[in-house]
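Trainee: give me a 3D structure for the following:
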Amino acid sequence: MSSFTPWIVNSVLRVITRILFRIDKEELTKVPQKGPLILVSNHSGSLEVPLLFSHLQPRKMFGLAKIETWDNELMGWLFSVWEAIPVRRGEADMDAYRRCLEVLREGHILGIAPEGTRSYHGRLQRAQPGTVMIALRTGAPIMPVAHWGGESFNDNIKKFRRTDFFIRVGKPFTLNTHGEKVTSALRQEIADEIMGQVAALIPEKYHGHYAGKTNNTKHLQWV
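Mentor: Numbering: from 1, shown residues only. I've put the predicted structure just below:
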């Protein structure tokens with residue numbers, strides 16, 4: 001694959017997404033231009049992936065994708081261009097875990113959707129704890145990125161209307177366990193605190209599982 005392929009793909013996607021969406025992307029300028037970073041985001045559909053990947057350029061971002069994505073020839077090619085990390089859901093995929101650690105140690109952005117699957121309706125589902133393991137192992141800062149509006153795309157495109165796509169970026173933080181033993185219960189507690197920061201960035205109607213839970217920050221330390 002040519003070294004120019006990712007640049008060409010992302011350039012084309014930026015043009016396409018600007019045609020289909022009115023993108024409120026100014027807040028993406030808050031994303032640091034260097035250094036390891038875990039971007040955690042909500043996952044309402046398929047569209048935010050190409051949008052965020054292409055509009056965060058020139059910073060390179062790596063993300064996780066279910067291994068079944070590569071069963072589709074076109075999608076498999078696209079995610080290979082992005083060097084996405086295939087993950088086997090429902091099991092402890094150590095290959096994916098090790099690759100995530102490598103990405104951060106190399107100083108890149110690792111994009112994670114802690115919900116693990118799309119909601120389609122935009123309301124937050126409960127986070128999975130995998131992000132916590134990666135963040136504790138690497139010490140990489142976490143930055144919440146929230147978006148909404150994309151869930152209206154299907155209805156809008158049928159009516160030949162552009163879709164408003166809103167993006168908000170929160171303050172980065174690291175994790176502090178305060179010496180507590182890292183049990184599965186603690187990992188889930190911290191995962192909920194992380195996702196609460198995503199919820200804090202979006203309108204309340206999208207809070208879903210995290211309604212009333214945006215102030216839990218015991219294990220978060222802002223940087």
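Trainee: go through the helix or strand that Asn154 is a member of and flag the buried ones.
Mentor: Under the criterion of DSSP states H and E, Asn154 resides in helix 153-158. With burial defined by 16 or more other CB atoms under 10 Å, the residues of helix 153-158 counted as buried are Phe153, Asn156. Bear in mind the C-beta positions are built from the backbone N, C-alpha and C, glycine included.
Trainee: after it, next one along is what?
Mentor: strand 163-169.
Trainee: can you give me the strands for this protein?
Mentor: Here the chain has its strands, by DSSP state E, at 21-24, 37-41, 61-66, 85-87, 109-112, 142-148, 163-169, 173-175, 220-222.
Trainee: so which residues of this structure form helices?
Mentor: Secondary structure of the chain (DSSP state H): helices at 5-20, 48-55, 73-81, 94-105, 130-138, 153-158, 184-199.
Trainee: let me know the angle separating the last one from helix 130-138.
Mentor: So that's helix 184-199. 100 degrees (axes from the mean of the first three to the mean of the last three CA atoms, to 10 degrees).
Trainee: just the CA coordinates of helix 184-199, formatted as CSV?
Mentor: As requested, the backbone C-alpha atoms of helix 184-199 are provided in CSV (Å, rounded to 0.1, in the frame of the first residue of the first chain):
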residue,chain,number,x,y,z
SER,A,184,-12.9,-6.1,38.3
ALA,A,185,-15.3,-4.1,40.4
LEU,A,186,-12.8,-1.1,40.6
ARG,A,187,-12.1,-1.3,36.8
GLN,A,188,-15.8,-1.0,36.1
GLU,A,189,-16.2,1.8,38.6
ILE,A,190,-13.4,3.8,36.9
ALA,A,191,-14.8,3.0,33.5
ASP,A,192,-18.1,4.5,34.6
GLU,A,193,-16.3,7.6,35.8
ILE,A,194,-14.6,8.0,32.4
MET,A,195,-17.8,7.6,30.5
GLY,A,196,-19.5,10.1,32.9
GLN,A,197,-17.0,12.7,31.5
VAL,A,198,-18.3,11.9,28.0
ALA,A,199,-21.9,12.3,29.2
